[in-house]
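Asks: What follows is a predicted structure for the sequence shown.
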Amino acid sequence: MADKPCVFCQIVAGESTAHEVWRDERIVAFLDTKPVFHGHVLMVPTVHIRTYDQLPIDLAEHWLTTSQRLQLAVQEAQGAEGSLILMNNIVSQSVPHLHLHVIPRVRKDGLRFWLGPRHPYASDEQAAETAARIKAALSLPA
């Protein structure tokens, strides 16, 4: 069974329309079709990359600097006090193509961005064991 075509790749290729706010040879940014708030923008690489860990190092600096410019532009254009910047990796990733959300925010805008339920460590020892596992995984070859 063939996978569905990637809607973001279709936008990049010009096969699907989008309200673009940025395009260069490596990145395209466009309005989200179901925005949290007006001005909610998605930024995607022009090559099909599924997850953040697959972002090539030679694209990473351009990704970072473009996202910073985009964040400031969204805030300025929308008169926002700040923004919510996020990426989902597989879980909650509605399109399996790396994309960064830039969502304009103002105080008391009604958005309840909930990171929960919280799961506190049962003890300092449990936290130390968790930290040790992550440190060990960081020492593995990439």
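Replies: Looks like it arrived, so ask away.
Asks: gap between the two ends of stretch 84-95?
Replies: Using C-alpha to C-alpha, to the nearest Å, the end-to-end distance of stretch 84-95 comes to 19 Å.
Asks: no wait, stretch 14-27
Replies: Stretch 14-27 has an end-to-end distance of 13 Å (criterion: C-alpha to C-alpha).
Asks: Now it: average pLDDT?
Replies: With pLDDT averaged residue by residue, stretch 14-27 scores 97.
Asks: can you list contacts of that stretch?
Replies: Among residues not part of stretch 14-27, those counted as contacts by C-beta atoms under 8 Å, 6 or more residues apart in numbering are 7, 10-11, 28-31, 33, 41, 43-47, 59, 62-63, 66, 70, 73. Placement of C-beta: from N, CA and C, glycine included.
Asks: Derive a ChimeraX selection command for the buried subset of those.
Replies: For the buried members of the contacts of stretch 14-27, the matching ChimeraX selection, counting by 16 or more other C-beta atoms under 10 Å, is:
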select :7,11,28,29,30,41,43,44,45,46,59,63,66,70,73
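Asks: which residues sit against the helix of greatest length in the chain?
Replies: Looking only at the chain and at elements set by DSSP state H, the helix with the highest residue count is helix 57-78. Residues outside helix 57-78 that contact it (C-beta under 8 Å, 6+ apart): 21-22, 24, 26-27, 29, 37-39, 41, 43, 45, 47, 55, 80-83, 85, 100, 102-104.
Asks: List buried residues within those residues.
Replies: By neighbour count, with 16+ other C-beta under 10 Å, the contacts of helix 57-78 hold 21, 27, 29, 37, 39, 41, 43, 45, 55, 80, 83, 100, 102-104 as buried.
Asks: what mean pLDDT does the longest helix of the chain have?
Replies: The predicted model gives helix 57-78 an average pLDDT of 97.
Asks: ok, now how distant is Gly82 from Pro141?
Replies: 38 Å (C-beta to C-beta, to the nearest Å).
Asks: Ser94 now?
Replies: Look at Ser94 and Pro141: by C-beta to C-beta, they are 32 Å apart.
Asks: higher neighbour count, these two?
Replies: Here Ser94 and Pro141 are compared on neighbour count by other C-beta atoms under 10 Å; more neighbours surround Ser94, at 9 against 3.
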